[in-house]
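Peer 1: here you go, sequence then predicted model.
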Amino acid sequence: MILARSLFSSCPTFSGSCLRSCSNDTRSNPLCVMASCRYHIHDDAAHKYSLLGIGLFIMANINSYLAGSVVMARIEYGVKLPNLYATKTHNKNATDFNIIQRSHQNFVEQYAQIVMSVLFTAIVVDRPNIAGMMLVVISISRILYALGYSRDIKSRTVGILLSMFT
C-alpha cells in the first residue's frame, strides 16, 4: 500500500480507491495499481503535452501548405520537374517561381532542427508547455516569413525577427 501511494501520489483521485479494485493477493503488486489508475495518469500526460501536439500539428500543416504553393506555382509558371528552380533562360517568370520555391525550401531546412529543439525542451528538460508555446510562436513566424518572402524578399523581416526572438 505504501509503495502504491508513493507511485501514484500524482494520481488526482488517489485515495486508496484504486487499490480496492484489486484482490487481496495483488494489492501489493504495483502493476495492478497501475492498471486501475492508468486513466488518471494518461489524462494528466495528455494535458501536459497538448500544446506541444497542437504546435507540431500546425508545423506539419504549414509544410503542407508551402509544398502545395510550390506545386501551384509549378503549374502557373510552367516549371517542370525534376528542376528544383527555374532558370531565366528557359522561363521568363523564373524569379517569381524561385521566390515561392525558396520560401518552402527555407522552411524545410529549418524544420528538423526546430522540431528536435522543441522535443528536447519538452522531454529532456521536461518543459512541454514552454516548448509548445515556443512552437506556436515559431509557427506564426514561419508563416509571416513565407508570406513576406513570397511577396517581396525584403518583407520577410518580421518573420525573421520573430523567429530569432524564440
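Peer 2: The structure has been received and is ready for your questions.

Peer 1: state the pLDDT value of the residue nearest the centre of the chain.
Peer 2: For the chain, the residue nearest the mean C-alpha position is Leu56 (1.7 Å; Cα atoms, centre = their mean). Here the pLDDT value assigned to Leu56 is 92.

Peer 1: and what of Ser150?
Peer 2: Looking at Ser150, its pLDDT is 79.

Peer 1: quick revisit: so who does the residue nearest to the centre of the chain touch?
Peer 2: With contact taken as Cβ atoms under 8 Å, 6 or more residues apart in numbering, Leu56 is in contact with 115, 118, 135. Using the backbone N, CA and C atoms, a C-beta is placed for each residue, glycine as well.

Peer 1: reformat those as TSV; add pLDDT, secondary structure and neighbour count.
Peer 2: Below are the contacts of Leu56 laid out as TSV (pLDDT from 0 to 100; DSSP: H, G, I helix; E, B strand; the rest coil; neighbours: other Cβ atoms under 10 Å):
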residue	pLDDT	secondary structure	neighbour count
Val115	92	helix	16
Val118	93	helix	23
Leu135	92	helix	27
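
Peer 1: dump the residue contacts of Ser50.
Peer 2: Ser50 neighbours (Cβ under 8 Å, 6+ apart): Gly132.

Peer 1: against Met133, how distant is it?
Peer 2: 12 Å (Cβ to Cβ, to the nearest Å).

Peer 1: same question for Leu161.
Peer 2: Taking Cβ to Cβ, one finds Leu161 at 18 Å from Met133.

Peer 1: can you pull out the helices in the protein?
Peer 2: 2-7, 17-20, 30-48, 50-77, 94-123, 128-151, 157-165 (DSSP state H).
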